[in-house]
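Visitor: structural data only, the sequence is not supplied:
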């Protein structure tokens, strides 16, 4: 066994491919991919699963890292979400992500169909209710957040705003009572009355653009998603939407987050019920 040489260019966590040509240059083979992932995971020095710290690990002929202290072997993917699973959607939510701010639009939509013939407080059997918020950036959209909620009550809707939007933000909504408590929660609430779903698209165009893109993506890419696992797909859509102008930076962010998340087995994944 020999000691691992210092990391070479590209510098994981600092450099990332800006286009497909650079992607091929960065990752010409599996060895380059592993080296990049290792530096993302152990940027400040190797740490073995037993807690021993070293400036660098040793390397086996099979490419595994070896702790110089206890001789324990570990791969770059061991103990992360990349181990034994392909469900990277779990890594698409950054724990310390910044709240939406300045000015946002918020509304709900029933994923999978139009809101026709609603009665009894915005209920529609067989459809998932999704509440969303998006930052106003001129005539366009900034960052977005999406969550499956059990109903359109104040607890669900105002709770979503509290968890995802910074206080003192201007929040545009329709006149639904589920948002009425926002002013008392420290938000500059700006309700807009509407009579039909078609008016909501006019009064709150940005969040309905997000919902439209979401519906198209779910139908075109996944051909339908069960409500049980919808939140994971909302997280993926949010990750992609918020980084739509910087796809290669999104690649780096996902690698970094994936290296920090513990693995999830197939059984664990499908045992999880969405809690919104």
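Guide: Alright, I've got the coordinates. No experiment lies behind these values; they were computed from the predicted model shown.

Visitor: quick check on residue 47: phi, psi?
Guide: Backbone torsions of residue 47, given as degrees, to the nearest 10, read phi -130, psi 120.

Visitor: what ranges do the helices span in the stretch 101-250 of the chain?
Guide: 154-164, 197-203, 205-217, 230-242, 247-260 (DSSP state H, counting those that start in this stretch).

Visitor: figure out which of the ones you listed is closest to residue 53.
Guide: helix 247-260 (17.2 Å; CB to CB). Every C-beta, even on glycine, is put in place using the N, C-alpha and C of the backbone.

Visitor: sorry, back to before: export the helices of the stretch 101-250 of the chain to TSV and tack on distance to residue 26, mean pLDDT and mean neighbour count?
Guide: TSV is the format used below for these (distance: least, CB to CB, whole Å; pLDDT from 0 to 100; neighbours: other CB atoms under 10 Å):
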stretch	distance to residue 26	mean pLDDT	mean neighbour count
helix 154-164	34	96	19
helix 197-203	42	80	15
helix 205-217	27	93	18
helix 230-242	21	87	20
helix 247-260	10	54	17
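
Visitor: can you redo those helices as a markdown table with distance to residue 54?
Guide: Output for those, formatted as a markdown table (distance: least, CB to CB, whole Å):
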| stretch | distance to residue 54 |
| --- | --- |
| helix 154-164 | 40 |
| helix 197-203 | 58 |
| helix 205-217 | 44 |
| helix 230-242 | 33 |
| helix 247-260 | 18 |
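
Visitor: for these, which one sits closest to residue 134?
Guide: Across those, closest to residue 134 is helix 205-217 (CB to CB), at 5.0 Å.

Visitor: that closest one packs against which elements?
Guide: strand 103-111, strand 128-137, strand 140-148, helix 230-242 (3 or more CB pairs under 8 Å, 6 or more residues apart in numbering; DSSP states H and E).

Visitor: just checking: what are the partner strands of the third one?
Guide: Each strand that strand 140-148 pairs with, and the sense of that pairing, follows from DSSP bridges: strand 128-137 (antiparallel).
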